[in-house]
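Undergrad: Curious how this folds, go ahead:
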Amino acid sequence: MRTNVVRPAVSHHAAPKRSVAPVFWLLFGAGGMLSALFGPALIILTGFVLPNGWGLPASLADFSHVLGFVRHPIGKLVVLAVIALFFWHGAERLFLTLKDMRAGALPVLRLMTYGVAAVLTLLTIALLLAIGF
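TA: Next up, the predicted model:
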């Protein structure tokens with residue numbers, strides 16, 4: 001007498017190797033969203049409206065007001081988010097472009113793009129802390 005025993009299929013595939021790519025994609029996506037939503041407004045405000053005094057008080061762009069904003073902890077976070085996420089978004093775009101052009105070995109391209117973004121982010125943090133609270 002034969003018994004019909006169904007055995008589960010055994011997968012001999014190893015678990016997928018973990019990657020840090022989602023971290024970079026998160027920074028890229030956040031930087032892209034931030035640059036798309038606030039980039040044009042920042043360019044218009046800081047490049048045209050504030051220097052010419054159109055529709056805003058002239059004292060808004062005074063050194064003391066800007067310094068007061070950057071010395072506030074929330075102001076520091078806003079400035080850090082804008083600067084750092086713009087760096088990371090640009091680094092990802094540049095990396096993908098250089099990779100598509102086969103401009104070099106992938107570790108070198110990663111170091112050139114993500115490494116520079118990391119260094120500039122750390123430099124931004126250091127400068128914001130040097131300004132004080």
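Undergrad: Name the residues of stretch 65-81 that are buried.
TA: Neighbour counts over stretch 65-81 (16 or more other C-beta atoms under 10 Å) mark 70, 75-76, 79-80 as buried. Any C-beta I mention is one placed from the backbone N, CA and C, and that applies to glycine too.
Undergrad: Out of these, list just those in helices.
TA: In helices, judged by DSSP state H, the following of the buried residues of stretch 65-81 are found: 70, 75-76, 79-80.
Undergrad: Now name the helix or strand holding Ala15.
TA: For Ala15, there is no helix or strand it lies in under DSSP states H and E.
Undergrad: typed the wrong thing, it's Pro22
TA: Going by DSSP H and E, Pro22 is part of helix 21-44.
Undergrad: which one among the ones in helices among the buried residues of stretch 65-81 gets closest to Met112?
TA: Set against Met112, the nearest of those by C-beta to C-beta is Leu80 (22.8 Å).
Undergrad: ok, now which ones touch Trp54?
TA: Contacts for Trp54 (C-beta atoms under 8 Å, 6 or more residues apart in numbering) come out as Phe48.
Undergrad: From Gly31, how far out is it?
TA: Per C-beta to C-beta, to the nearest Å, Trp54 is found 29 Å from Gly31.
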